[in-house]
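Chemist: A predicted structure for the sequence below; I have some questions about it.
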Protein chains: 2
Amino acid sequence: MNTVRGARERARIEVTAAIKDEARRRLAAEGAAKLSLRAVARELGMVSSALYRYFPSRDDLLTALIIDAYDSLGAAAEEADAHALAAGAPPRARWIAVCESVRTWALRHPHEYALVYGSPVPGYSAPADTIGPASRVGNVLIGVVRAAYEGRGLALPPLPPALGPEADRMTADFAEGLPPAVVPALVAAWAQLAGLVSFELFGQFKGVVEERSAFFAHAAGQLAHGVGLPAV
Amino acid sequence: MNTVRGARERARIEVTAAIKDEARRRLAAEGAAKLSLRAVARELGMVSSALYRYFPSRDDLLTALIIDAYDSLGAAAEEADAHALAAGAPPRARWIAVCESVRTWALRHPHEYALVYGSPVPGYSAPADTIGPASRVGNVLIGVVRAAYEGRGLALPPLPPALGPEADRMTADFAEGLPPAVVPALVAAWAQLAGLVSFELFGQFKGVVEERSAFFAHAAGQLAHGVGLPAV
DNA sequence: ACCAAAGCAAGAGCAGTGCTCTCGAAGTTG
DNA sequence: CAACTTCGAGAGCACTGCTCTTGCTTTGGT
């Protein structure tokens, strides 16, 4: 692998990266709604039609940015967890560290966060390529809970009987080895985490929450409690 | 009031309403990103420039739709709570009923929900006119918790000392009469509720949660627990 | 080493957009 | 009735995503 296939292929990779970089820059500056292919091309010194050799449409460019954003966020979460783990943190502290890393990443890349967890852009349905990167954060959270479970430090949340089969299916599909009762709570906590971050990022806390960091830390702790990682 | 001020004024009101109606229709059909002033005007048999007599810009039209959406959602939540209250439901059941009503409204008006709780559209900062309607759902939730508190049915969640002053400020600002410890939990629950609905609506649960209704009901119950409305 | 095939940038062009300006017709008010 | 305001229509500007055609450059097989 990594074979040097010639100038052409190398140029294509570089140009593709340059386009994505410039697009990300304009995304950060003006938001997804105003991201224009022509402006990106102009900034790169090429003509707009040339850009279509690399991305067949504006939505394809956005999809590429979405995948990169998922990957970047996923990497941040994984790194935060690895750090906490290396520091000997117990599962609850790891959980909170991951939540904080998601929030920090979102505050640093607001438009990219909006791209992945905000309203989907056009008619649009997420291409299959996105589901892999999209699940990285979820997998980190699953890993933390699994560690708690294997360390006998997991308090099982209640599960209504009506949700039993669904919990079993979820567990088999993407959380093998965990007790089914915790899986719905875990998925809910993931969505709730996104809700907290989105509200802060999208201005819904304006005039409501002022001490955002302290508030978030508290909420992340409550989230941990909800999935069975009680304080001390 | 309701004085008939002449044909002109009446026409203005009717045309404004017609524009919003048509815009809402196109919003539901194609989403906010593709909502075009010209298309709305065309559908109404008027020329695009005439529309600017009623809304000075596209964003102003969107803002009007946002306010209406907040009001519609708020009314749905208030009605759901009133129904539950009239049926003699205890606070916990009222809480869940309100959560369900938000989800139901969102599923019925996905694009309008995305407009208010999704990523903000342009460069954007929410105009002041939106904050009133925006808080109606929150006020309903506050009312439910207040009823529980006054009925001695509220279990106070823990509050870290670091968040004490902020909790006091929040309580004084928009939740007077409630014990400060519950207010941050309440705000967090509100954001988390939006996270649950957004994830379902924006396709984040695709391949993850199948029994969406049962899952949501469970999560809403957990949310109730988190704000101090325990089961039975 | 040559030459056809493929990849590429550029330009023109289409249909559509938000928004501005001007002009004449209509309604409102003294 | 006259002065004034409001409105719809049309033309026009700068911009968008996207397509198509035209030549040039790189590539890969003979």
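Modeler: Perfect, thanks for sending it. Numbering: from 1, shown residues only, chains lettered A, B, ... in the order given.
Chemist: For chain A, which segments count as helices?
Modeler: All helices of chain A, identified by DSSP state H, fall at A:7-30, A:37-43, A:48-51, A:58-86, A:91-108, A:110-117, A:131-134, A:136-150, A:164-174, A:182-201, A:212-226.
Chemist: how does chain A divide into domains?
Modeler: Following automatic domain parsing, one gets these domains for chain A: A:1-55, A:65-226.
Chemist: gap between the two ends of the last one?
Modeler: It refers to domain A:65-226. One end of domain A:65-226 sits 33 Å from the other (C-alpha to C-alpha, to the nearest Å).
Chemist: quick revisit: burial-wise, tell me which of the helices of chain A comes out on top.
Modeler: helix A:182-201 (a mean of 25; mean count of other C-beta atoms under 10 Å in any protein chain shown). In this view, the C-beta of every residue, glycine as well, is placed from N, C-alpha and C.
Chemist: Pull the distance from it to the chain's centre.
Modeler: Offset of helix A:182-201 from its chain centre (C-alpha atoms, centre = their mean, to the nearest Å): 11 Å.
Chemist: Tell me which other helices or strands that helix touches.
Modeler: helix A:91-108, helix A:110-117, helix A:136-150, helix A:164-174, helix A:212-226, helix B:182-201, helix B:212-226 (3 or more C-beta pairs under 8 Å, 6 or more residues apart in numbering or on different chains; DSSP states H and E).
Chemist: Looking at those, which is nearest to residue B:59?
Modeler: helix A:110-117 (16.8 Å; C-beta to C-beta).
Chemist: could the helices and strands packed on helix A:182-201 be laid out in CSV, adding distance to DNA strand D and mean pLDDT?
Modeler: Converted to CSV, the helices and strands packed on helix A:182-201 look like this (distance: least, C-beta to the nearest atom of the strand, whole Å; pLDDT from 0 to 100):
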stretch, distance to DNA strand D, mean pLDDT
helix A:91-108, 25, 98
helix A:110-117, 15, 95
helix A:136-150, 28, 98
helix A:164-174, 33, 98
helix A:212-226, 33, 98
helix B:182-201, 24, 98
helix B:212-226, 31, 98
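Chemist: okay, those in JSON lines with distance to residue B:175 next?
Modeler: As requested, those are exported to JSON lines (distance: least, C-beta to C-beta, whole Å):
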{"stretch": "helix A:91-108", "distance to residue B:175": "24"}
{"stretch": "helix A:110-117", "distance to residue B:175": "28"}
{"stretch": "helix A:136-150", "distance to residue B:175": "31"}
{"stretch": "helix A:164-174", "distance to residue B:175": "35"}
{"stretch": "helix A:212-226", "distance to residue B:175": "14"}
{"stretch": "helix B:182-201", "distance to residue B:175": "5"}
{"stretch": "helix B:212-226", "distance to residue B:175": "16"}
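Chemist: right, and those helices - which one's nearest residue A:60?
Modeler: helix A:110-117 (13.8 Å).
Chemist: Is the closest one in proximity to chain B?
Modeler: Yes. Shown here: helix A:110-117 in contact with chain B (C-beta under 8 Å from any C-beta of the partner chain) through A:114-115, A:117.
Chemist: Can you get me a residue count around the residue nearest to residue A:90 when sequence neighbours are not counted?
Modeler: In space, and not counting its chain neighbours, residue A:90 is closest to residue A:153: 7.0 Å by C-beta to C-beta, 6 or more residues apart in numbering or on different chains. As a burial measure, residue A:153 scores 15 neighbours (other C-beta atoms under 10 Å in any protein chain shown).
Chemist: Which pLDDT value goes with residue A:153?
Modeler: Listed pLDDT for residue A:153 reads 92.
Chemist: that older thread, and the helices of chain A: which comes nearest residue B:219?
Modeler: Per C-beta to C-beta, nearest to residue B:219 of these: helix A:182-201, 4.1 Å.
Chemist: Return the nearest residue of chain A with respect to DNA strand C.
Modeler: residue A:49 (2.8 Å; C-beta to the nearest atom of the strand).
Chemist: State the distance from that residue to DNA strand D.
Modeler: Residue A:49 sits 3 Å away from DNA strand D, going by C-beta to the nearest atom of the strand, to the nearest Å.
Chemist: Then residue A:89?
Modeler: Taking C-beta to the nearest atom of the strand, one finds residue A:89 at 45 Å from DNA strand D.
Chemist: which residue packs closest to that residue, ignoring adjacent ones?
Modeler: That would be residue A:97: by C-beta to C-beta, 6+ apart, it lies 6.7 Å from residue A:89.
Chemist: Surely the one you found and residue A:85 touch.
Modeler: No. Here residue A:97 lies out of contact with residue A:85, judged by C-beta atoms under 8 Å, at a distance of 9.1 Å.
Chemist: Kindly provide the distance from residue A:53 to chain B.
Modeler: 25 Å (C-beta to the nearest C-beta, to the nearest Å).
Chemist: Which phi and psi values does that residue adopt?
Modeler: phi -70, psi -20 (degrees, to the nearest 10).
Chemist: Now do the contacts for it.
Modeler: Residue A:53 sits next to no residue when contact means C-beta atoms under 8 Å, 6 or more residues apart in numbering or on different chains.
Chemist: quick one on the thing from earlier: for the helices of chain A, which one sits closest to residue B:205?
Modeler: That would be, of the helices of chain A and by C-beta to C-beta, helix A:182-201, which comes in at 7.8 Å.
Chemist: Put the alpha carbons of that closest one into CSV.
Modeler: The C-alpha coordinates for helix A:182-201 follow below in CSV (Å, rounded to 0.1, in the frame of the first residue of the first chain):
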residue,chain,number,x,y,z
VAL,A,182,-28.5,-0.8,30.3
VAL,A,183,-28.4,-0.5,26.5
PRO,A,184,-31.6,1.6,26.0
ALA,A,185,-30.4,3.9,28.8
LEU,A,186,-27.1,4.2,27.1
VAL,A,187,-28.6,5.1,23.8
ALA,A,188,-30.8,7.6,25.4
ALA,A,189,-27.9,9.1,27.3
TRP,A,190,-26.1,9.5,24.0
ALA,A,191,-29.0,11.4,22.5
GLN,A,192,-29.4,13.5,25.6
LEU,A,193,-25.7,14.4,25.6
ALA,A,194,-26.2,15.7,22.0
GLY,A,195,-29.2,17.6,23.2
LEU,A,196,-27.2,19.3,25.9
VAL,A,197,-24.4,20.3,23.5
SER,A,198,-26.8,21.4,20.8
PHE,A,199,-28.8,23.6,23.1
GLU,A,200,-25.6,25.3,24.3
LEU,A,201,-24.2,25.6,20.8
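Chemist: Perfect, I'm done here.
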